[in-house]
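Visitor: Build me a structure from this.
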Amino acid sequence: MAGFLSIIKMDADKARKAGEKQKAISLITLYSEAKMIGKDDGDRDTTDDEVLGTIQKFIKNINELISHPCNEEFKEIALKEKTLYENYLPEQLTEEELEIIIKDECDSWPEKLSIGDIMKFLKQDFANQYDSKLASTVARKVLL
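Guide: Residues are numbered from 1 along each chain as shown. Modelled structure (predicted):
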């Protein structure tokens, strides 16, 4: 079992034993979704990058849900769940850090890079460490 997946499973068990029902449910849901990625792809272990991608997907879904009008109780629960998931993500690169990384990469190539080239580079070397929307915005700014 992958490292992050093991940690999520242990934390879910701890939450369940501590009577933290909502936390346990949220973590078991995350664990199950992430575990199915490997299981559906030849019954292999899910990689840490795939687990982190699942966490980011969950956070994105929560952000979309709370961007629409909803009752305050639902919003409060969703924000707690989002915070719970964010605790499993590595620290995200800031706009300034992304700008430096992107400028350095652009300077290392003899020809001008496209946004697609930059995003491919970021995904390859900095997977799950940045917000893709922010990275795209920074890349556009750097390429101007």
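Visitor: what about the residue positioned nearest the centre of the chain, which helix or strand?
Guide: The centroid of the chain falls nearest to residue 56 when counting by C-alpha atoms, centre = their mean (2.6 Å). Element membership of residue 56 [criterion: DSSP states H and E] is helix 48-66.
Visitor: residues in contact with stretch 104-121?
Guide: Here stretch 104-121 makes contact (C-beta atoms under 8 Å, 6 or more residues apart in numbering) with 102, 132, 135-136, 139-140, 142-143. The C-beta positions use only the backbone N, C-alpha and C, and glycine is treated the same way.
Visitor: list the buried ones in it?
Guide: Neighbour counts over stretch 104-121 (16 or more other C-beta atoms under 10 Å) mark 105-106, 113, 117-119, 121 as buried.
Visitor: likewise stretch 94-101?
Guide: For stretch 94-101, the neighbour count (16+ other C-beta under 10 Å) marks 98-99, 101 as buried.
Visitor: Tell me how many other residues surround the residue nearest to residue 82 when sequence neighbours are not counted.
Guide: Of all residues not flanking residue 82 in the chain, residue 62 sits nearest, at 4.5 Å (C-beta to C-beta, 6 or more residues apart in numbering). Residue 62 has 20 neighbours, counted by other C-beta atoms under 10 Å.
Visitor: ranges for the strands of the chain?
Guide: Counting by DSSP state E, the chain has no strands at all.
Visitor: which non-adjacent residue is nearest residue 140?
Guide: Among residues not flanking residue 140 along the chain, residue 115 sits closest, at 6.4 Å (C-beta to C-beta, 6+ apart).
Visitor: Residue 86 touches residue 58, doesn't it?
Guide: No - applying C-beta atoms under 8 Å as the test, residue 86 and residue 58 come out as separate, 9.8 Å apart.
Visitor: Between the two, which is the more surrounded one?
Guide: Using other C-beta under 10 Å, the more surrounded residue of residue 86 and residue 58 is residue 58, with 21 against 14.
Visitor: Quick one: low-confidence residue ranges for this protein.
Guide: Scanning the chain with the threshold set as pLDDT under 70 gives 1-2.
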